[in-house]
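> Need coordinates for the following:
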Amino acid sequence: MKNLFSFVVLAMMFSLQSFSQEWQTDFDTAKKIASEQHKTIVLVFQGSDWCAPCIKLDKEIWSTEEFQKLAKDKFVMLQADFPRRKNNKLSEEQQQHNNKLAEKYNNNGYFPYVVVLDAQGNQLGSLGYEKSTPKEYFNKLLAFEK
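Take a look at the predicted model:
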């Protein structure tokens, strides 16, 4: 019985890990991965602890198994978070990095704001929160590649 329990726990951990979204937080790293793997970058500006539509977008799209399966071989996910709560504060270096991304790609300060980029960092398109299925949202992101 103890071995069965251990097996079930390990299987659950593996399955959760295999579907977790891998977020990059460094633009240069995201561009390198996108270039090497021939992928598009999806840059997400969010306020993870204060922006209700950002939280909805994460829950309804980014965190779903369906979106993660679809995006895995197509997109490099890059996060630029702007939390407000003191306990979620980013390092000074990360905050400066996110500020530079916002100056270039989100100078109007929209949240959430999703920018689709090629591997060189050229903007292909953008969108915000939309009530849709993970597949519909994925297809909208994909359409910017054409």
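
> burial count for the closest residue to residue 138 other than its chain neighbours?
Nearest residue to residue 138, sequence neighbours excluded (Cβ to Cβ, 6 or more residues apart in numbering): residue 70, at 4.5 Å. (C-beta placed from N, C-alpha, C; glycine too.) For residue 70, the count of nearby residues is 18 (other Cβ atoms under 10 Å).

> Centre of the chain to the helix or strand harbouring residue 70, how far?
Using DSSP states H and E, residue 70 sits within helix 65-71. Per Cα atoms, centre = their mean, to the nearest Å, the displacement of helix 65-71 from the mean C-alpha position of its chain is 12 Å.

> which other helices and strands contact that helix?
helix 2-19, helix 134-143 (3 or more Cβ pairs under 8 Å, 6 or more residues apart in numbering; DSSP states H and E).

> Just list whatever residues bridge to residue 80.
Residue 80 has these beta-bridge partners by DSSP bridges: residue 45.

> Verify the stated contact: it with residue 44.
Yes. With contact defined as Cβ atoms under 8 Å, residue 80 and residue 44 form a contacting pair (6.8 Å).

> tell me which helix or strand of this structure sits lowest on mean pLDDT?
Lowest by mean pLDDT, DSSP states H and E among the helices and strands of the chain is helix 2-19, with a mean of 44.

> Next secondary structure element downstream of that helix?
Following helix 2-19 toward the C-terminus (DSSP H and E): strand 23-24.

> list the helices and strands that next one packs on?
Using 3+ Cβ pairs under 8 Å, 6+ apart, strand 23-24 sits against strand 75-81.

> And the average pLDDT for the strand it packs on is what?
Taken as a whole, strand 75-81 carries a mean pLDDT of 98.

> same deal with stretch 125-132?
97.

> Could you list the alpha-carbon positions for it in PDB?
Extracted as PDB, the C-alpha positions of stretch 125-132 are listed here (Å, rounded to 0.1, in the frame of the first residue of the first chain):
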ATOM      1  CA  GLY A 125       0.500  41.800 -33.300                       C
ATOM      2  CA  SER A 126      -1.100  42.300 -29.900                       C
ATOM      3  CA  LEU A 127      -4.300  41.700 -28.000                       C
ATOM      4  CA  GLY A 128      -5.600  41.800 -24.400                       C
ATOM      5  CA  TYR A 129      -8.000  39.700 -22.400                       C
ATOM      6  CA  GLU A 130     -10.800  38.200 -24.300                       C
ATOM      7  CA  LYS A 131     -13.300  35.700 -23.000                       C
ATOM      8  CA  SER A 132     -12.500  32.700 -25.200                       C
END
